[in-house]
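1. attaching a predicted model along with its sequence, questions to come.
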Amino acid sequence: MANSKFFITSRCRTSAQVIALIGPNGAGKSTLFSVMARLQPLQSGQVSFAVDNEERDIASCHARTLSKTVAMLGQDNHVQGRLRVHELLMFGRYPYHQGQPTADDQQKVQEIIERFELAPLAERFLSTLSGGQRQRVLIAMIVCQDTPYLLLDEPLNNLDMYHAGRLMRELRELSHSQQKTVVIVLHDINQAAQFADTVVTMKEGQVMAVGQPAEVITQTTMKDLYNVDVTVLNHQSRPVIVDSL
C-alpha cells in the first residue's frame, strides 16, 4: 500500500458475522479497508473474498464482480449533484441495473428505506439533510448494493444515541439473517463490545489480537492499544468499559 507500513500477508476466512476493527488513530484501519476495496494498490500478500465456495482475488477480480462482492463506506464521502434520497439509494443498485432500474431494484430500495426508517426523508434533497441524516442515507446506499461483504469506516459519525444503536442492531440483523460479513471500524469500544461477534485490534499497521469481545476487550488490551487505564465490567457476558478514576 502506498505510503504505508501495513502489508497483508495472509488470507482471512470468516463466516457471516459482525467484525469490529478497533485501534488508535493511524493504526492502519482505514488503509486496510482501502486495500480491501481496491481503492489503494496492494503491495504485498493477497486479499480475497469467499463467495459461494469461490475465492475472488481482488488482484484479478473484474470490477463489476467486485462491486457485487464488497461495498465500502469511507470516512470522507462527498456526493455531488442535486439528488433526492431515494435517487442516491438507487445509485447503490448500479452494479445490477447499469442505469436501467428494474422492479426488483425499486423493491430493494423501498425495503432499505423502510428498514432504516428513511421514509420521511425519501423525497428530500441531500443538501437539505443534517450530518446525521446524511450519514444514515449513505449507509443505506451501501446496504442497497446488497453485497455479501460490507466495509463501514466509522459509520457512527454524527449519529445520536438512538440512531447509533438502531444502526448497529440493523447491521447485526442483516449479518445474521442474510449471511453478510460486516466489518466496521469503531472508536466507541462499548459499541464494539455490545454488537460485534469478533473484535480485531490494530496498532501501527499490525493486527494485534482477534477474538470474541470478552477475550479481546480487557484492561490489559486497552492499556496496550491506547495507553489508558480503564475498568472493564461485565454485562450480560459482554465487556463494558468505564473510565478509571
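-> Now that the structure is in, tell me what you want to look at.

2. ramachandran angles for the nearest residue to D188 once chain neighbours are set aside?
-> Distances taken as C-beta to C-beta, 6 or more residues apart in numbering place L156 nearest to D188, at 6.2 Å, with adjacent residues excluded. Just so you know, the C-beta spots here come from the backbone N, C-alpha and C atoms, and that holds for glycine as well. Recorded main-chain torsions at L156 are phi -90, psi 0, according to degrees, to the nearest 10.

3. please begin residue numbering at 41 from this point
-> Sure, I'll start numbering at 41, so the last one becomes L196.

4. so what's L196 up against?
-> 204, 207-208, 226, 228, 231 (C-beta atoms under 8 Å, 6 or more residues apart in numbering).

5. which of these sits closest to L123?
-> L207 (21.4 Å; C-beta to C-beta).

6. just to check, that closest one is in contact with I179?
-> Yes. L207 lies in contact with I179 (C-beta atoms under 8 Å); the separation is 6.6 Å.

7. identify the contacts common to those two.
-> Common neighbours of L207 and I179 are listed as 156, 195 (criterion: C-beta under 8 Å, 6+ apart).

8. bridged to the residue positioned nearest the centre of the chain, which residues?
-> Against the mean C-alpha coordinate of the chain, by C-alpha atoms, centre = their mean, the closest residue is L192 at 2.0 Å. Judged by DSSP bridges, the bridge partners of L192 are L113, I224.

9. what's next to stretch 226-237, contact-wise?
-> Around stretch 226-237, the neighbours that count as contacts under C-beta under 8 Å, 6+ apart are 57-62, 194, 196, 204, 208-209, 211-212, 215, 224, 239, 252-253, 257, 262, 278-281.

10. looking at the residues you listed, which are in helices?
-> Among those, the members falling in helices (DSSP state H) are 204, 208-209, 211-212, 215, 253, 262.

11. and the residues you listed, which are buried?
-> 204, 208, 211-212, 215, 253, 262 (16 or more other C-beta atoms under 10 Å).

12. as JSON lines, the residues you listed with pLDDT and distance to S107 would be great.
-> Putting these into JSON lines (pLDDT from 0 to 100; distance: C-beta to C-beta, whole Å) gives the following:
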{"residue": "A204", "pLDDT": "95", "distance to S107": "28"}
{"residue": "M208", "pLDDT": "95", "distance to S107": "25"}
{"residue": "L211", "pLDDT": "94", "distance to S107": "20"}
{"residue": "R212", "pLDDT": "94", "distance to S107": "24"}
{"residue": "S215", "pLDDT": "93", "distance to S107": "20"}
{"residue": "P253", "pLDDT": "96", "distance to S107": "31"}
{"residue": "M262", "pLDDT": "95", "distance to S107": "37"}
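
13. and those, which two are the farthest apart?
-> Considering C-beta to C-beta, no two members of those lie farther apart than S215 and M262, which are separated by 25.3 Å.

14. neighbours of V272, how many?
-> V272 has 18 neighbouring residues, counting by other C-beta atoms under 10 Å.

15. er, P279 I mean
-> By the other C-beta under 10 Å criterion, the neighbourhood of P279 contains 24 residues.

16. just give the nearest non-adjacent residue to it, would you?
-> Of all residues not flanking P279 in the chain, I257 sits nearest, at 4.4 Å (C-beta to C-beta, 6+ apart).

17. got the contact list for N197?
-> Here N197 is in contact with 115, 171, 175 (criterion: C-beta under 8 Å, 6+ apart).

18. hang on, the earlier thing: relative to Q86, which of the ones in helices among the contacts of stretch 226-237 is nearest.
-> Nearest to Q86 among the ones in helices among the contacts of stretch 226-237, counting by C-beta to C-beta, is S215 at 24.3 Å.

19. looking at it, that closest one is touching A60, isn't it?
-> No. S215 sits out of contact with A60 when judged by C-beta under 8 Å, with a separation of 11.8 Å.

20. that concludes my questions; thank you for your assistance.
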